[in-house]
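Trainee: need a structure here:
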Amino acid sequence: VKDHQQYQDMYQDCQDWLNASREKVELCADTSGDKMSLQNKLERLKESAEKVGDGEKKLKATKDLCEKTSKNSSQRGREVLRRDIDHLQSEWEDYLARIQQTEEDLQTALVTWGDFESKFSVCSSWLKDMEQQVKNYELKSSLQEKQTQVEKFKKQREEILSHQPEIDRFTDDAQNLMHTSSDARLSTQVSQLTNRYRGLLSQVKDLISKWEKYVQDHQGYDNRLKEFNAWIKQAEGKLDICQQSAGDQETMEERRTMIQMLMAEKDHGLQRLNATIEAGEKLYPDTAAGGREKVRQELRTAKDDWERLFTGLSDTQRKVDSFLMQWSSYADGQDQLLKWMVDTESALRSDVDLKNTLQEKRLQLQNLRPVLSDISSHQRLVDSVIEKAQGVLHSTSNPEVAAFITDINSRYEDLCQNAKATIQQCEHNVHDHQ
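Mentor: Residues are numbered from 1 along each chain as shown. Coordinates of the predicted model:
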C-alpha cells in the first residue's frame, strides 16, 4: 500500500510538472509579434528545454515506482499501471516534440524577420543612394551639357525601374510577414519604403520632362541665332558690294535697288532678332552662370550686328543717292555742253567762205562776233560741267569721265582759238577792203 501510494503521488507530481511545462511551451508557440517578442519566446523556450532533465528524472522515478508497485499487484492492476505509464510516456514524447517544433517555428519566424530586415536595409540604402544621386545635379551652361544631363537622368530612371522586381518581392515578403505578425510598425515601414520608391521614380520622370524642355528651349535658341546670323551675314555681304566704288550710273542704279531690297527686309530681320532675343532670355532661369553670360554676349553681338548693318545701309544709301544725283547733274550738263559745242562748231564752219563785197565782209564779221561772245559766256558752263565731272571722278574710277574732262577742256580751248582766229581774219579782210 505504501509503495502504491508513493507511485500515485509521484505519477501525479510528474503529470502536474508536465502540464505546467506544456503550458509554458504553448505560450511560446505563437509566432506572431515583432522580432523582439519572438526572441523573448525563444529564450523562454530554451529555459523550458533546459529543464527537460528535471522532467526525465521525475518520469524515471515514476517508472521505477510503477515497476516496484507492479510486483505487488494483480494482473489487472499491472495492466492499469502499464497503461498509465504508457500514457505518461506518450505525453512526455509529445512534450519533447512540441518543444522541438516550437523552436523550429520560432527560428523560422526569426529567419523571416531577419530576411525582411536585411532586404529592408538593402532597399532603404539603395533608395537613399539613388535619392542623393537624383538630387545631385546643377544647372548646365551649354546645349551639349543639358543633353548629357538628360541622358544621365534617363539612365537613373532605367536603374530605378530595374529595381522594381526587387521592391515587389520585398513587398510580397513583407505582406506574408504581416499575416503572421501583429506589429503595426511593419506596415508603416513597408508603406514608407514603397512610397519613397514611387516618389523617386516620379521625381526622376519629372526631371527628365523638365530637362528635355531645357534642351528643347536651348536648341530653339541655337537654331534662331544660327538663322539670324546667316541672314545678317548674307545682308552684310550685299552691303559690302554696295559700298565698293562703281564706275557708272547703271551699276549704282543696281546697288540702289539692292539697298532698297535690303531695307524692305528690315522688318523681317527685326522679327528674327526679336525672336532670337526672346529665346535667349528664356534660357536665363534654367542655365548656369557661364552659359547665361555666353547667351548675353551672343545677344549683344546680334544687336550690334543689326545696328551696324542698318547704319551702314543708311549711310550707303545716302552715298549712292548722292552719287546718282551728282551723276545725273553731270550727265545733264554734259549733254547740254556737248550739244552747244556741236552747234557752235557748226556755226563757225557754216560761214567761212571769202566774200566779194565790203558789205558782205562786214556782215560776215557782224555775224561771227556774237558767236565769240557766246563762246566766252559759256566758260561758266564748261567750268561747272568739269567741276561736276571731277566730283563724279572723285567717287568713281570711270576712265571715260577722266577722258571727258581732258577732251572738253581741249575742245573748248580749240573752239575759242578758232573763233578768235576766224574773227581776226574777217577783221583783216574788212580792213584791207576798206
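Trainee: residue 227 contacts residue 271, correct?
Mentor: No - at 11.0 Å, residue 227 does not count as touching residue 271 under the criterion of C-beta atoms under 8 Å. (Glycine included, C-beta is placed from N, CA and C.)
Trainee: mind listing what residue 358 touches?
Mentor: 430, 433, 434 (C-beta atoms under 8 Å, 6 or more residues apart in numbering).
Trainee: who wins for neighbours among the residues you listed?
Mentor: residue 430 (19 neighbours; other C-beta atoms under 10 Å).
Trainee: which residue, other than its chain neighbours, is closest to it?
Mentor: residue 361 (4.8 Å; C-beta to C-beta, 6 or more residues apart in numbering).
Trainee: please compute how far the helix or strand encompassing that neighbour lies from its chain's middle.
Mentor: Per DSSP states H and E: residue 361 is located in helix 358-377. Centroid displacement of helix 358-377 relative to its chain, using C-alpha atoms, centre = their mean, to the nearest Å, is 91 Å.
Trainee: would you quantify the distance from residue 284 to residue 200?
Mentor: 29 Å (C-beta to C-beta, to the nearest Å).
Trainee: among these two, which residue is more densely surrounded?
Mentor: Neighbour totals were compared for residue 284 and residue 200, and residue 200 leads with 20 against 11 (other C-beta under 10 Å).
Trainee: just name the shakiest helix or strand of this protein by mean pLDDT.
Mentor: None of the helices or strands of the chain scores lower by mean pLDDT, DSSP states H and E than helix 358-377, at a mean of 75.
Trainee: can you show me the CA trace of that helix as CSV?
Mentor: Only the C-alpha atoms of helix 358-377 are listed here, as CSV (Å, rounded to 0.1, in the frame of the first residue of the first chain):
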residue,chain,number,x,y,z
LEU,A,358,32.8,145.0,-148.4
GLN,A,359,29.2,144.9,-147.3
GLU,A,360,29.3,141.1,-147.3
LYS,A,361,32.5,141.0,-145.4
ARG,A,362,31.1,143.4,-142.8
LEU,A,363,28.0,141.3,-142.5
GLN,A,364,30.1,138.1,-142.1
LEU,A,365,32.2,139.8,-139.3
GLN,A,366,29.0,141.1,-137.6
ASN,A,367,27.5,137.5,-137.6
LEU,A,368,30.7,136.0,-136.1
ARG,A,369,31.2,138.4,-133.2
PRO,A,370,28.1,137.2,-131.2
VAL,A,371,29.4,133.6,-131.6
LEU,A,372,32.7,134.6,-129.9
SER,A,373,30.7,136.3,-127.2
ASP,A,374,28.5,133.2,-126.7
ILE,A,375,31.7,131.1,-126.5
SER,A,376,33.1,133.3,-123.9
SER,A,377,29.8,133.3,-121.9
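Trainee: enumerate every residue touching the residue nearest to residue 430.
Mentor: Contacts for residue 361 (C-beta under 8 Å, 6+ apart) come out as 355, 426, 429, 430, 433.
Trainee: any idea which of these is the one closest to residue 78?
Mentor: Taking C-beta to C-beta as the measure, residue 78 lies nearest residue 426 of these, at 195.0 Å.
Trainee: can you give me the helices for the stretch 301-434 of the chain?
Mentor: 358-377, 379-395, 399-433 (DSSP state H, counting those that start in this stretch).
Trainee: again, but for the stretch 51-200 of the chain
Mentor: Shown for the stretch 51-200 of the chain, the helices assigned by DSSP H, counting those that start in this stretch span residues 52-70, 75-135, 143-162, 164-180, 184-243.
Trainee: so which of these is nearest residue 368?
Mentor: Short answer: helix 184-243, nearest of the helices of the stretch 51-200 of the chain by C-beta to C-beta, at 51.8 Å.
Trainee: tilt between that closest one and helix 164-180?
Mentor: Orientation of helix 184-243 against helix 164-180 (axes from the mean of the first three to the mean of the last three C-alpha atoms, to 10 degrees) gives an angle of 160 degrees.
Trainee: now the angle between helix 184-243 and the helix or strand following helix 184-243, please.
Mentor: Reading on from helix 184-243 to the C-terminus, the next helix or strand found by DSSP H and E is helix 249-264. Counting by the same axes, to 10 degrees, helix 249-264 lies at 160 degrees to helix 184-243.
Trainee: quick one: list the elements packing against helix 249-264.
Mentor: With contacts defined as 3 or more C-beta pairs under 8 Å, 6 or more residues apart in numbering; DSSP states H and E, helix 249-264 has these neighbours: helix 184-243, helix 289-350.
Trainee: now do the buried residues in that helix.
Mentor: For helix 249-264, the neighbour count (16 or more other C-beta atoms under 10 Å) marks 249, 252, 255, 256, 258, 259, 262 as buried.
Trainee: and of these, the nearest to residue 173?
Mentor: residue 262 (75.7 Å).
Trainee: show me the contacts for the closest one.
Mentor: Contacts of residue 262 (C-beta under 8 Å, 6+ apart): 235, 238, 239, 313.
Trainee: buried residues in the helix or strand hosting residue 38, which are they?
Mentor: Per DSSP H and E, residue 38 falls inside helix 35-50. Within helix 35-50, the residues scored as buried using 16+ other C-beta under 10 Å are 35, 37, 38, 41, 42, 45, 48, 49.
Trainee: and that helix, how far out from the chain's middle?
Mentor: A distance of 63 Å separates the centroid of the chain from that of helix 35-50, by C-alpha atoms, centre = their mean.
Trainee: could you shift the numbering so residue one becomes 571, and keep it that way?
Mentor: New numbering, starting at 571: the last item is helix 605-620.
Trainee: kindly export that helix (C-alpha atoms) in PDB.
Mentor: C-alpha atoms of helix 605-620 as PDB (Å, rounded to 0.1, in the frame of the first residue of the first chain):
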ATOM      1  CA  LYS A 605      11.200  40.200 -33.700                       C
ATOM      2  CA  MET A 606      11.900  41.200 -30.000                       C
ATOM      3  CA  SER A 607       8.800  39.200 -28.900                       C
ATOM      4  CA  LEU A 608       9.900  36.200 -30.800                       C
ATOM      5  CA  GLN A 609      13.400  36.300 -29.400                       C
ATOM      6  CA  ASN A 610      11.900  36.500 -25.900                       C
ATOM      7  CA  LYS A 611       9.700  33.500 -26.600                       C
ATOM      8  CA  LEU A 612      12.700  31.600 -27.900                       C
ATOM      9  CA  GLU A 613      14.600  32.400 -24.700                       C
ATOM     10  CA  ARG A 614      11.700  31.200 -22.500                       C
ATOM     11  CA  LEU A 615      11.500  28.100 -24.700                       C
ATOM     12  CA  LYS A 616      15.200  27.400 -24.100                       C
ATOM     13  CA  GLU A 617      14.600  27.700 -20.400                       C
ATOM     14  CA  SER A 618      11.900  25.000 -20.700                       C
ATOM     15  CA  ALA A 619      14.300  22.900 -22.700                       C
ATOM     16  CA  GLU A 620      17.000  23.200 -20.100                       C
END
